[in-house]
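Peer 1: Task: produce atomic coordinates for the following.
(one chain, ligands or ions: 2)
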Amino acid sequence: MSERPKAPRGTFDVLPEQAALRAQVEAVARGTLEAAGYRRIETPAFEQTDVFQRAVGESTDIVQKEMYTFEDGGGRSLTLRPEITAPIVRAYLEHGMHKLPQPVKLWYLSSCFRYERAQAGRYRQFWQIGAEALGSDDPAVDAESILLLHTILGDLGVAGVRLRLASLGSHESRARYRELLTAHLRAHEDRLSDEVRERIDLNPLRAFDSDHPATREVMASAPLLIEHLGAEDLDHFAAVREMLDAAQVPYEVDGTLVRGLDYYTRTVFEFTSDALGAQSGVGGGGRYDGLAEQFGGAPTPGMGWAAGIERILLAAEHLAAREPVCDLYVALADGTAAARIAGFALAAHARRAGVATQLELGGRSLKGQFKQADRCGAAFVAILGSEGIELKDMQSGEQQALESASAVISYVLRGRHADA
Ligand code: ATP
Ligand code: MG
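Peer 2: Ligands and ions are numbered 1, 2, ... in the order given. From the prediction side, this is the model:
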């Protein structure tokens, strides 16, 4: 006997109850983002591999070990999107969105793919909600973007939220700082973990993310980028903080915050939740003023974030699945062909009139059909038999004979409006 197939490791099926919770996360995010003028965008599930190599960076974990890269039948190297900022910048350039009023504000909800060690809150296919604003370097864009995610997490009741904030400055100040940090790491090379030591030249900033005890000690006395920013970057960062203060968004400035993607400049931030274990990052992002140029576009500042739906669901307290509404259940008193067709026609007309209708499909006894109608939370049950149509109000228990399908429909519609 052959083994039954299972969903691949690190992936999961979104079953109806989970889908209902996700729909609520989506509704809250959509409401907040669209009210602020963000419009939805959808990019392909895969891109030319180059898009991520150039944007996310060759030295990052994502590009080095997490990408699902494959060659298609035409010999092109393609990669399932591990993140969606780079595709959006690619799309902005490809569609000439610089001609639109700036900034162009876009949001998305799509799946991402990363080959990672699967565990709670960490999957190989997961979903991100994100927002990107392209074409303005105004610090108000940064503050507004952060505030939007703060609002969404708050409205969803994500527990124990903390916001860490930092600035990575411009590419120039980062390059100068990199030399200082590299010198510090070299001076303490013997105490560093192998992984950090091997990446001193490639990506010294990632040393701040290490959980190796001796490395952490070395990093405790490391110079911080935030102390080596240029005057303009400092002003920009101060303006972002002032606006967050004015909007009463609590945060902590954390000079050790390093994001795992190379494209960031200036503002970076991360929301974590104390309700989550090791996988505490709920969402994060930052500014990426050099990314469009890396794709050969004109200089285009950008700012955005992404938040993981699965981690939101793990940490959200206010979410309860909404039951689907059922206005009318069409039951059959007998199994005659005439009753079955009359029932089918009634359901079709009722749905056209906007009545949420379910039809008996299980061949149940009349008693079984009432049980099923109850499970569906039906407000009314229409019973079709050789005698005609009876309509039962499930709340009052009253039952009456009605002469036609249209009488049933108008009665149910009236009852529903009286209820609302
Ligand atoms: P982590 O540090 O947990 O690996 P990250 O820094 O790689 O996160 P980002 O690239 O910033 O994460 O992605 C934004 C958000 O997407 C994260 O805050 C998290 O909520 C979610 N996320 C990232 N990777 C995964 C994954 N493998 N499974 C589920 N959610 C994820
Ligand atoms: Mg990661």
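Peer 1: how about the helices of this structure, start to end?
Peer 2: 16-35, 49-56, 61, 85-94, 139-155, 171-187, 194-198, 213-220, 231-246, 291-294, 309-315, 337-352, 366-375, 405-419 (DSSP state H).
Peer 1: right, and those helices - which one's nearest ligand 1?
Peer 2: helix 309-315 (4.1 Å; CB to the nearest ligand atom). For the C-beta atoms, the positions are set from N, CA and C on the backbone; glycine is no exception.
Peer 1: can you list the helices of the chain in a markdown table and add distance to ligand 1?
Peer 2: Output for the helices of the chain, formatted as a markdown table (distance: least, CB to the nearest ligand atom, whole Å):
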| stretch | distance to ligand 1 |
| --- | --- |
| helix 16-35 | 12 |
| helix 49-56 | 9 |
| helix 61 | 7 |
| helix 85-94 | 9 |
| helix 139-155 | 10 |
| helix 171-187 | 18 |
| helix 194-198 | 15 |
| helix 213-220 | 16 |
| helix 231-246 | 19 |
| helix 291-294 | 15 |
| helix 309-315 | 4 |
| helix 337-352 | 38 |
| helix 366-375 | 34 |
| helix 405-419 | 40 |
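Peer 1: In TSV: the ones you listed, plus mean pLDDT and mean neighbour count.
Peer 2: Formatted as TSV, the helices of the chain follow (pLDDT from 0 to 100; neighbours: other CB atoms under 10 Å):
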stretch	mean pLDDT	mean neighbour count
helix 16-35	96	16
helix 49-56	94	20
helix 61	88	18
helix 85-94	98	22
helix 139-155	98	22
helix 171-187	90	15
helix 194-198	92	14
helix 213-220	94	15
helix 231-246	97	16
helix 291-294	94	20
helix 309-315	96	21
helix 337-352	95	16
helix 366-375	96	15
helix 405-419	87	15
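Peer 1: Kindly reformat the ones you listed as JSON lines containing distance to Glu42.
Peer 2: JSON lines is the format used below for those (distance: least, CB to CB, whole Å):
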{"stretch": "helix 16-35", "distance to Glu42": "13"}
{"stretch": "helix 49-56", "distance to Glu42": "16"}
{"stretch": "helix 61", "distance to Glu42": "26"}
{"stretch": "helix 85-94", "distance to Glu42": "10"}
{"stretch": "helix 139-155", "distance to Glu42": "19"}
{"stretch": "helix 171-187", "distance to Glu42": "31"}
{"stretch": "helix 194-198", "distance to Glu42": "36"}
{"stretch": "helix 213-220", "distance to Glu42": "40"}
{"stretch": "helix 231-246", "distance to Glu42": "29"}
{"stretch": "helix 291-294", "distance to Glu42": "20"}
{"stretch": "helix 309-315", "distance to Glu42": "16"}
{"stretch": "helix 337-352", "distance to Glu42": "29"}
{"stretch": "helix 366-375", "distance to Glu42": "36"}
{"stretch": "helix 405-419", "distance to Glu42": "35"}
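Peer 1: Quick one: closest of those to Ser77.
Peer 2: Ser77 lies closest, by CB to CB, to one member of those: helix 49-56, at 4.2 Å.
Peer 1: helices and strands around the closest one, which ones?
Peer 2: strand 77-80, helix 85-94, helix 291-294 (3 or more CB pairs under 8 Å, 6 or more residues apart in numbering; DSSP states H and E).
Peer 1: got these as TSV, with distance to Pro213 columns?
Peer 2: Formatted as TSV, the helices and strands packed on helix 49-56 follow (distance: least, CB to CB, whole Å):
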stretch	distance to Pro213
strand 77-80	35
helix 85-94	33
helix 291-294	35
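Peer 1: Among these, which comes closest to Glu66?
Peer 2: Set against Glu66 and scored by CB to CB, the helices and strands packed on helix 49-56 come closest in strand 77-80, at 10.2 Å.
Peer 1: Tell me the gap between that closest one and the middle of its chain.
Peer 2: 21 Å (CA atoms, centre = their mean, to the nearest Å).
Peer 1: Then stretch 47-63?
Peer 2: Distance, centroid of stretch 47-63 to centroid of chain: 21 Å (CA atoms, centre = their mean).
Peer 1: Now tell me what touches it from outside.
Peer 2: 64, 67, 69, 76-79, 81-83, 85-87, 89-90, 114, 199, 202-203, 206, 260-263, 291, 294-295 (CB atoms under 8 Å, 6 or more residues apart in numbering).
Peer 1: hmm, which of these are the buried ones?
Peer 2: Those of these that meet the buried threshold are 67, 78-79, 81-83, 85-87, 89-90, 114, 199, 203, 206, 260-263, 291, 295, by 16 or more other CB atoms under 10 Å.
Peer 1: quick one: contacts for the closest residue to ligand 1 within the stretch 101-250 of the chain?
Peer 2: Residue of the stretch 101-250 of the chain nearest ligand 1, by CB to the nearest ligand atom: Phe126 (3.4 Å). Contacts for Phe126 were tallied using CB under 8 Å, 6+ apart; they are Ser111, Cys112, Arg114, Gly308, Ile309, Glu310.
Peer 1: Is the first one bridged to anything, and to what?
Peer 2: In this structure, Ser111 has the following beta-bridge partners (DSSP bridges): Trp127.
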